[in-house]
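Student: turn this into a model:
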Amino acid sequence: MTRRTTPLTDELYRYYEEVAIRESDIHRRLREETGKLEKANMQISPEQGQFMTVFVGAMRARRAIEIGTFTGYSALCIALGLVDDGSLLCLDIDEEWPTFGRRYWAEAGVADKIEFRAGPASDSLRDLIAAGEEGEYDFIFIDADKRGIEDYYEKSLRLLRPGGVVAVDNTLWSGRVADPENREDDTKAIRGFNATVIDDHRVLLSLVPIGDGVTLLYKR
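Tutor: Next up, the predicted model:
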């Protein structure tokens with residue numbers, strides 16, 4: 001027995017893939033198509049996608065927002081976890097990337113649950129607040145530009161209902177956050193966010209070491 005999270009060696013990760021990852025053909029094909037792109041590293045891992053489907057499903061989430069959609073793999077995972085009449089609003093600065101996902105969303109039968117809005121996510125979130133949407137959402141996933149992370153988080157908390165959850169991706173940042181010599185802007189932004197939310201008593205917190213680290217923040 002150990003009091004630490006078990007590190008995933010290559011051998012243990014292969015075993016993990018065999019016994020813990022159920023990836024549909026639709027998920028696999030979207031992931032593999034994305035993997036051919038120059039920015040393929042922006043895609044979440046299949047185990048993280050599966051985790052979010054289960055988590056959103058366990059919440060019985062009805063209304064969700066995704067901040068940073070890329071090619072739509074994570075949106076597919078979230079949408080599949082929503083209740084039958086659920087809806088997911090996807091926000092991304094790039095109009096082109098989600099065209100990949102739309103084909104797979106339709107094939108999976110969740111296209112009617114997903115709305116995509118192009119443009120700066122901060123502006124879209126501000127517009128939702130101005131439209132009286134505060135406290136109306138169950139689940140919000142943040143996986144966008146890291147220097148905007150604290151702004152996205154603050155606006156997301158306003159849109160989230162009490163008992164809802166914000167999930168923030170990349171909070172382990174491939175270990176770079178733990179390297180004091182790393183002074184890259186994105187690293188500093190994530191490090192600053194992590195230092196802020198550990199003391200944020202508006203939420204309950206758990207940083208789950210799956211994928212590149214996902215911080216779950218439960219709004220009190």
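
Student: buried stuff in the lengthiest strand in the chain?
Tutor: Counting residues, the longest strand in the chain under DSSP state E turns out to be strand 160-169. Across strand 160-169, burial judged by 16 or more other CB atoms under 10 Å covers 160, 164, 165, 166, 167, 168, 169. All C-beta spots, glycine's among them, are computed from the backbone N, C-alpha and C.

Student: repeat that for stretch 136-149.
Tutor: 137, 138, 139, 140, 141, 142, 143, 144, 146, 148, 149.

Student: which parts of this protein are strands?
Tutor: With DSSP E as the criterion, the chain has strands at 63-67, 87-92, 114-118, 137-142, 160-169, 203-208, 214-219.

Student: any chance of these in a markdown table, plus distance to residue 32?
Tutor: Below are those laid out as a markdown table (distance: least, CB to CB, whole Å):
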| stretch | distance to residue 32 |
| --- | --- |
| strand 63-67 | 21 |
| strand 87-92 | 21 |
| strand 114-118 | 21 |
| strand 137-142 | 22 |
| strand 160-169 | 21 |
| strand 203-208 | 25 |
| strand 214-219 | 23 |
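
Student: could I get these as CSV with distance to residue 128 and mean pLDDT?
Tutor: Converted to CSV, the strands of the chain look like this (distance: least, CB to CB, whole Å; pLDDT from 0 to 100):
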stretch, distance to residue 128, mean pLDDT
strand 63-67, 8, 98
strand 87-92, 8, 97
strand 114-118, 10, 95
strand 137-142, 9, 98
strand 160-169, 11, 98
strand 203-208, 19, 98
strand 214-219, 16, 98
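
Student: what residues are up against the residue most central in space within the chain?
Tutor: Centroid check for the chain by CA atoms, centre = their mean gives residue 141 as the closest residue, at 3.8 Å. By CB atoms under 8 Å, 6 or more residues apart in numbering, the contact list for residue 141 reads 52, 64, 65, 66, 67, 74, 78, 166, 167, 169.

Student: what about the helices in the protein?
Tutor: Per DSSP state H, the chain carries helices over the ranges 10-20, 25-34, 46-59, 73-81, 98-108, 121-130, 149-159, 185-197.

Student: and these, which one averages the lowest pLDDT?
Tutor: Looking over those, mean pLDDT reaches its minimum on helix 98-108, with a mean of 91.
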